[in-house]
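**Q** sequence first, then the predicted structure, then my questions.
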Amino acid sequence: MYGPGGLGDQGYMDCILTGVQNFKRAHYSDADMYQYSPSTMEEAERLVNDWLSLPLSNIPALFVVASSDYEALITNALSQHYLTDNKRMLMFENDVTLDLPITIFQMSMYGASYLAGVAAAEYVKTLEKDAVRKDALILLAHPNDRTIARAGAGFQDGFDSVGLDVKAFTEYLAEDWTGYASAQLAYQRMSKWSKSYSFVFPVAGGSNQGIFRYTREYADSPLTAGMDVDQSGLSRNIIGSVIKHIDKVVYDFMEMWLTTGELPESTVFGLESGYVDWVLSPKYKQYQQIVDAARQEAIRKEASEL
């Protein structure tokens with residue numbers, strides 16, 4: 001079950017879809033698969049409760065909850081239904097310490113975002129002779145997602161570590177999940193942000209496409225960052241991408257379940273895991289040495305944050 005309105009974001013959700021489709025191709029004769037992309041939370045709630053209501057059987061069943069936006073829904077559903085012995089549930093990007101009888105994994109973006117902040121600050125440093133637009137903007141989808149909040153904190157710390165006399169400010173696109181699906185709103189706000197900021201670090205799912213579109217259409221746009229997959233081809237202004245190999249994670253977890261009937265313990269993957277990374281765009285490789293020099297500090301600081 002994908003996130004509400006998430007498919008087609010050319011990023012995180014589509015990367016999950018890639019992993020699921022790869023698993024389906026590799027194991028098409030081993031498991032039946034049903035995929036859902038709810039348009040509302042009510043539809044998602046019905047899907048979860050219908051599955052949990054199915055009686056015990058001898059057929060192993062896995063429900064993959066592929067979005068952090070479903071935490072309250074899943075917590076409530078599991079308070080009313082229990083998992084029968086043949087059922088397992090995997091939930092993405094929520095607090096791994098939640099007291100739920102399921103496996104949760106989280107991908108920490110702190111370390112990779114720290115490196116993005118370092119690269120952004122080094123770029124801003126080159127603008128010292130320009131009296132206009134030096135600050136950076138951290139754009140988050142909404143204020144209630146710990147994963148993206150940690151990404152914002154990582155960028156902030158990396159940006160501050162360079163020691164410039166400028167700041168990184170934080171704004172939100174919405175108060176809920178709609179912040180991930182508001183590309184037009186992001187596009188409209190870019191006209192204002194372009195006057196105030198030299199760099200925009202967007203962690204807003206499909207809404208990022210509005211930012212990239214603006215940078216393609218207006219030459220005097222701030223630099224920005226790709227998110228979740230290598231998005232360097234979407235704009236000449238993308239200095240690099242925070243990459244989450246979520247396709248590999250979902251494939252590995254699903255294959256483990258298919259092979260063993262069980263899921264691993266809940267866990268957090270960070271920069272050191274290899275599942276998350278910061279990759280510079282080909283046009284901006286001049287920052288590679290600086291990023292490499294900061295990598296171990298990013299890993300160290302991320303470990304202290306987790």
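**A** Okay, I see it.

**Q** in contact with residue 52, which residues?
**A** By Cβ atoms under 8 Å, 6 or more residues apart in numbering, the contact set of residue 52 is 77-78, 80-81, 83, 87. For the C-beta atoms, the positions are set from N, CA and C on the backbone; glycine is no exception.

**Q** what ranges do the strands span in the stretch 151-300 of the chain?
**A** 168-172, 199-203, 223-228, 238-244, 267-269, 276-280 (DSSP state E, counting those that start in this stretch).

**Q** render the CA-only coordinates of the fourth one in PDB, please.
**A** Put plainly, it is strand 238-244. Provided in PDB are the C-alpha atoms of strand 238-244 (Å, rounded to 0.1, in the frame of the first residue of the first chain):
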ATOM      1  CA  ILE A 238      20.700  20.500  -8.900                       C
ATOM      2  CA  ILE A 239      24.000  20.300  -7.200                       C
ATOM      3  CA  GLY A 240      23.600  16.800  -6.000                       C
ATOM      4  CA  SER A 241      21.000  14.300  -4.700                       C
ATOM      5  CA  VAL A 242      20.300  12.700  -1.300                       C
ATOM      6  CA  ILE A 243      19.800   9.100  -2.500                       C
ATOM      7  CA  LYS A 244      17.800   6.500  -0.600                       C
END
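
**Q** need the longest helix for this protein.
**A** helix 288-305 (DSSP state H).

**Q** ok, and what's touching that one?
**A** 108, 110-112, 114-115, 118-119, 122, 150, 153-154, 157-158, 161, 270-272, 278, 280.

**Q** that helix to strand 276-280, inter-axis angle?
**A** 160 degrees (axes from the mean of the first three to the mean of the last three Cα atoms, to 10 degrees).

**Q** restricted to buried residues, select the contacts of residue 52 in ChimeraX.
**A** Selection of buried members from those for ChimeraX, criterion 16 or more other Cβ atoms under 10 Å:
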select :77,78,83,87
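
**Q** mind listing what residue 242 touches?
**A** Here residue 242 is in contact with 109, 112-113, 116, 151, 203, 225-228, 276-278 (Cβ under 8 Å, 6+ apart).

**Q** if we can go back for a sec, the longest helix of the chain: which residues count as buried?
**A** 291, 294-295, 297-299, 301-302, 305.

**Q** and the two most separated of those?
**A** Distance extremes for the buried residues of helix 288-305: the farthest pair is 291 and 305 at 19.0 Å, using Cβ to Cβ.

**Q** now the chain, which segments are flagged as low pLDDT?
**A** 129-133 (pLDDT under 70).

**Q** try it again at 80.
**A** Counting by pLDDT under 80, the chain contains low-confidence residues at 5-6, 9-11, 128-133, 306.

**Q** tell me where it has helices.
**A** Counting by DSSP H, the helices of the chain are 12-26, 41-53, 71-80, 110-125, 146-161, 183-196, 208-217, 246-260, 288-305.

**Q** which of those helices is buried the deepest?
**A** Greatest average neighbour count among the helices of the chain goes to helix 110-125 (a mean of 26), per mean count of other Cβ atoms under 10 Å.
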